[in-house]
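S.K.: pasting the sequence and the predicted model now:
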Amino acid sequence: MIVLAVAIGWGLHDLARLFPQGWIIEWVAVTFLIAQRSLFDHVRAVAWVLDRDGLKEGRAAVAMIVGRDPDTLDEHGVSRAAIESLAESFADGVVAPVFWYLLVRPAGAADLQDGQHHGFDDRLSHATS
């Protein structure tokens, strides 16, 4: 799967180089590979539910986006959990694809999005445990 993703990425890069405005092709491809607003919308919903419906509903809303048990979290804990999830998603879904795109063009961004990679913090926690 990784080899296929890299091959498609390099093929797209080579195709884009054939045209004077080929950078547009790369830009569109990379835009699709970057995780955009989905998690932000979920985090905003957590804040809205927490404010409007209270702690119990806020816990239920944050449980949809975090891996931890929200039953012991207070309002600040629910907010922190949502923000931490957003930050991790931003790092994994935006910063990492852009970094790899800049390093190895579309091949890197396509490889990152093939579903085989996890966040750096996941790899680090597995390496240290």
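M.R.: Arrived safely.

S.K.: where in this protein is pLDDT low?
M.R.: For the chain, the stretches with pLDDT under 70 are 1-2, 5, 33, 35-36, 105-129.

S.K.: point to the residue nearest the middle of it.
M.R.: Gly93 (2.3 Å; Cα atoms, centre = their mean).

S.K.: what about Gly77, distance to Gly58?
M.R.: 10 Å (Cβ to Cβ, to the nearest Å). From N, CA and C alone the C-beta is placed, and that goes for glycine too.

S.K.: looking at these two, which one has more neighbours?
M.R.: Shown here are Gly77 and Gly58; by other Cβ atoms under 10 Å, Gly58 has more neighbours (27 against 16).

S.K.: returning to that earlier point: measure the residue nearest to the centre of the chain to Leu39 for me?
M.R.: Gly93 sits 7 Å away from Leu39, going by Cβ to Cβ.

S.K.: cool, and Ile24?
M.R.: Distance, Ile24 to Leu39, using Cβ to Cβ: 27 Å.

S.K.: so the two - more neighbours on which side?
M.R.: Counted by other Cβ under 10 Å, Ile24 and Leu39 do not tie: Leu39 has more neighbours, with 19 against 11.

S.K.: out of everything not next to it in sequence, what's closest to Asp71?
M.R.: Arg59 (6.4 Å; Cβ to Cβ, 6 or more residues apart in numbering).

S.K.: ok, now which ones touch that neighbour?
M.R.: 70-71, 73, 78 (Cβ atoms under 8 Å, 6 or more residues apart in numbering).

S.K.: make it 10 Å
M.R.: Neighbouring residues of Arg59 by Cβ atoms under 10 Å, 6 or more residues apart in numbering: 46, 49-50, 69-75, 77-78, 81.
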